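S.K.: Dropping the sequence and predicted coords here.
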Amino acid sequence: MPSRREVLTDQLEELRTDFEALWVALTHDPKKEARRERAWTIFAGVTSAVAGLAARKAAIRVWTVLTGEVPPSPYRQQRPQKTA
């Protein structure tokens, strides 16, 4: 059988969690939080896209400086060489 002190500790812990849940319910707007999460997702996506483009441009410049050639592009089609 639990002691009086253990019962009191358990009940106080339940009361604390209930107050925390009440505080969150009173101070947090779910719509505002959802809007904030969407804004963060959009911001992170745009930042990633811009960083990817910048990295590609930097890589092209470095390749050109190091080799003196235009870097190969996966989007350019290779023209077959004519044999005579």
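M.R.: Arrived safely. Just so we're clear, the structure is a prediction, and the values are computed from it rather than from any experiment. Numbers count the residues shown, from 1 in each chain.

S.K.: Run the chain-centre distance for stretch 34-50.
M.R.: Put simply, stretch 34-50 sits 7 Å off its chain's centre (CA atoms, centre = their mean, to the nearest Å).

S.K.: no wait, stretch 44-58
M.R.: Distance of stretch 44-58 from the chain centroid (CA atoms, centre = their mean) equals 14 Å.

S.K.: quick one: buried residues of that stretch?
M.R.: For stretch 44-58, burial by neighbour count (16 or more other CB atoms under 10 Å) applies to no residue. Placement of C-beta: from N, CA and C, glycine included.

S.K.: Mind listing residues that contact it?
M.R.: Contacts to stretch 44-58, defined as CB atoms under 8 Å, 6 or more residues apart in numbering, come from no residue at all.

S.K.: could you give the mean pLDDT of that stretch?
M.R.: Average pLDDT, stretch 44-58: 97.

S.K.: CA atoms only for that stretch, dumped as PDB, please.
M.R.: This file holds the C-alpha atoms of stretch 44-58, laid out as PDB (Å, rounded to 0.1, in the frame of the first residue of the first chain):
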ATOM      1  CA  ALA A  44      13.300  26.400 -45.400                       C
ATOM      2  CA  GLY A  45      12.400  25.200 -48.900                       C
ATOM      3  CA  VAL A  46      13.200  28.600 -50.600                       C
ATOM      4  CA  THR A  47      16.500  28.800 -48.700                       C
ATOM      5  CA  SER A  48      17.400  25.300 -49.700                       C
ATOM      6  CA  ALA A  49      16.600  26.000 -53.400                       C
ATOM      7  CA  VAL A  50      18.600  29.200 -53.400                       C
ATOM      8  CA  ALA A  51      21.500  27.500 -51.700                       C
ATOM      9  CA  GLY A  52      21.400  24.700 -54.300                       C
ATOM     10  CA  LEU A  53      21.400  27.200 -57.200                       C
ATOM     11  CA  ALA A  54      24.300  29.200 -55.600                       C
ATOM     12  CA  ALA A  55      26.300  26.000 -55.100                       C
ATOM     13  CA  ARG A  56      25.800  24.900 -58.700                       C
ATOM     14  CA  LYS A  57      26.900  28.400 -59.900                       C
ATOM     15  CA  ALA A  58      30.000  28.200 -57.700                       C
END
